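# here you go, sequence then predicted model.
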Amino acid sequence: MLKSDQKGTTMMEAIAAISVVIVLTVAAISLVGNMYEMFRQNMVVNEIREIQKNIATRYRLEGNYAELSSSEMTPQKLKEEQLIPSQMLVNGEIVHRLNGEVIIETSSLGDDYFDVTFNKLSLRTCMNLSQINWSGIDGADLFQLKINNNTFKLPINGVKFGDADALPISPVKASESCADDEKNVITWTFQ
């Protein structure tokens, strides 16, 4: 009679162990991906804050931003004058960290204002950028915020706190303004 003292795992136990390892690996990859996306979104927030601060500091004494729309103010010149972070200049265009075009110009409201527009924003990034607290920031003040087709203004000149179009906007207003795609556009108007 043949006697066997072999001990070991069965095929089912091996498959179960491999399945657990695969599930843990997928979860870890997903977590790292989400953290990287959050890092990139924070970088975009930092970019708009830095642009606002640099432009406000540069033009504070002049009192107007007319030069921003001149033909001489190219993306390269904006970089040379350190008005934008150096990593934002890509192939002669200004691009934010999530690969959308950035436009900096004198506002249509007049030379006392300037606009910064970020294109191609995801829903999550649109929500994050719309919720930036601009109070207490040195430099120019946020006068108006346009998210896609919705415009929100400072509560002055007939606009009151709590109005549908008054700043600051609530997360509910932001979610209603931001689209569920990668084509959101936000324009900040600073004074």
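It's in. Predicted, not measured: the structure shown is a model, and the values here were computed from it.
# now do the strands in this structure.
With DSSP state E, the ranges of strands along the chain come out as 89-90, 93-94, 102-107, 110-121, 142-147, 150-153, 184-190.
# kindly list the longest helix within this structure.
Longest helix in the chain by number of residues, with DSSP state H as the criterion: helix 11-59.
# any idea how far it is from the chain center?
Remark: helix 11-59 is offset 15 Å from the chain centroid, using CA atoms, centre = their mean, to the nearest Å.
# so where is this protein shaky, pLDDT-wise?
Within the chain, the ranges that satisfy pLDDT under 70 run 1-9, 136-140.
# pick out the residue closest to the middle of it.
The structure's the chain has its C-alpha centroid closest to Val44; by CA atoms, centre = their mean the separation is 4.0 Å.
# in contact with it: list those residues for me.
Residues near Val44 by CB atoms under 8 Å, 6 or more residues apart in numbering: His96, Arg97, Leu98, Phe118, Leu121, Thr125, Asn128, Leu129. Bear in mind the C-beta positions are built from the backbone N, C-alpha and C, glycine included.
# adding neighbour count, write these out as JSON lines.
Putting these into JSON lines (neighbours: other CB atoms under 10 Å) gives the following:
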{"residue": "His96", "neighbour count": "25"}
{"residue": "Arg97", "neighbour count": "19"}
{"residue": "Leu98", "neighbour count": "18"}
{"residue": "Phe118", "neighbour count": "26"}
{"residue": "Leu121", "neighbour count": "27"}
{"residue": "Thr125", "neighbour count": "24"}
{"residue": "Asn128", "neighbour count": "18"}
{"residue": "Leu129", "neighbour count": "23"}
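# I'd like the residues you listed as CSV, with distance to Ile156 appended.
Below are the contacts of Val44 laid out as CSV (distance: CB to CB, whole Å):
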residue, distance to Ile156
His96, 29
Arg97, 33
Leu98, 32
Phe118, 25
Leu121, 27
Thr125, 28
Asn128, 26
Leu129, 23
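# before we move on, back to that, strand 110-121 and the longest helix of the chain, what's the angle between them?
170 degrees (axes from the mean of the first three to the mean of the last three CA atoms, to 10 degrees).
# contacts only, for the spatially closest residue to Ser175 that is not a sequence neighbour.
Leaving aside its sequence neighbours, Ser175 sits nearest to Met127 (CB to CB, 6 or more residues apart in numbering; 6.5 Å). Counting by CB under 8 Å, 6+ apart, Met127 makes contact with Pro171, Ala174, Ser175, Cys178.
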